[in-house]
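Student: model the structure of this input:
(one chain, ligands or ions: 1)
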Amino acid sequence: MKLNWAERWVVNNPLRVFQQQIEIAWFKRMMPLAPGKTVLEMGCGRGAGAKLILRTFQPAGLHVQDLDIKMIVKAKQYLGGVELKKISLSVGDAAGLPFQADSLDAIFGFGFLHHVPDWRSSLAEISRVLKTGGLYYFEELYPELYQNVITKHILLHPEHDRFSSYDLRKGLDNKSLILKHAFELRKMGILGVAAKL
Ligand SMILES: C[S@@+](CC[C@H](N)C(=O)[O-])C[C@H]1O[C@@H](n2cnc3c(N)ncnc32)[C@H](O)[C@@H]1O
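Tutor: This is a model prediction of the structure:
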């Protein structure tokens, strides 16, 4: 689902870019990706993640998508001309990816899956389009953080079937996405890299 004004402010903030820089460095340390790969970023928001993915992993092709056209417009503005030559941007739903099975080397998701009501179908899509051995790099949050006594009045998230650490790990496993590395703050969120079996 699309972000409300409060979360748009949180993610369109320079501090968010700083956080993503730290996270992408962790991704690279845990599981480097050779240059020249075909990569997708889901729920790209205003494009800060795409910029970092290009710089850090030098993919041959980078597709980025978001459900919200306003985010795609922002991403076009945020990314410079040189970057835009290497990136294809599209509006789309994580529940149905316009890619052939076994076609992508890596998928990134910064804080997007917990916004998807049918997150299990999105994991199925991620697994479908990744090649065997392909990597899913993700940052996700748990309800204890985004639905606590304060945030539940400010932020907007799906109301049913929210995932905890256990649910997410089981969901990945059920879709043949094997968690290789994880850094988790209990009840808050997780950085992870999973490989498709
Ligand atoms: C919390 S924001 C994160 C944005 C960006 N990745 C970042 O880290 O700054 C979640 C993003 O996921 C997008 N989103 C939510 N549901 C989606 C879906 N079903 N398919 C694709 N994108 C979705 C939202 O529009 C939003 O831009």
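Student: show me which helix runs longest in this structure.
Tutor: Ranked by residue count under DSSP state H, the longest helix found in the chain is helix 14-30.
Student: tell me which element the residue sitting furthest away from the middle of the chain falls in.
Tutor: Relative to the centre of the chain, and counting by Cα atoms, centre = their mean, the farthest-placed residue is residue 149 at 25.6 Å. If you go by DSSP states H and E, residue 149 is not part of any helix or strand.
Student: how about it, phi and psi?
Tutor: Backbone torsions of residue 149, given as degrees, to the nearest 10, read phi -60, psi -30.
Student: can you tell me how far it sits from the ligand?
Tutor: For residue 149, the distance to the ligand equals 20 Å [Cβ to the nearest ligand atom, to the nearest Å]. (Glycine included, C-beta is placed from N, CA and C.)
Student: quick check: residues of this protein near the ligand?
Tutor: Those residues of the chain that sit near the ligand, judged by Cβ under 6 Å from any ligand atom, are 1-3, 7, 11, 16, 42-45, 48-49, 66-68, 71, 93-94, 110-112, 115-116.
Student: just the buried positions in the lowest-mean-pLDDT helix or strand in the chain, please.
Tutor: Of all the helices and strands that make up the chain, helix 5-11 has the lowest average by mean pLDDT, DSSP states H and E, namely a mean of 79. Counting neighbours by 16 or more other Cβ atoms under 10 Å, one finds that the buried residues in helix 5-11 are 7-8, 11.
Student: same check, this time on stretch 40-58
Tutor: Within stretch 40-58, the residues that qualify as buried by neighbour count (16+ other Cβ under 10 Å) are 40-54, 57.
Student: let's check: the centremost residue of this protein is which one?
Tutor: With distances taken as Cα atoms, centre = their mean, residue 109 lies nearest the centre of the chain, 0.8 Å away.
Student: is it in a helix, a strand, or coil?
Tutor: Look at residue 109: counting by DSSP: H, G, I helix; E, B strand; the rest coil, its state is strand.
Student: I'd assumed residue 125 was in contact with it.
Tutor: No - proximity of residue 109 to residue 125 does not meet the contact threshold set by Cβ atoms under 8 Å, at 11.3 Å.
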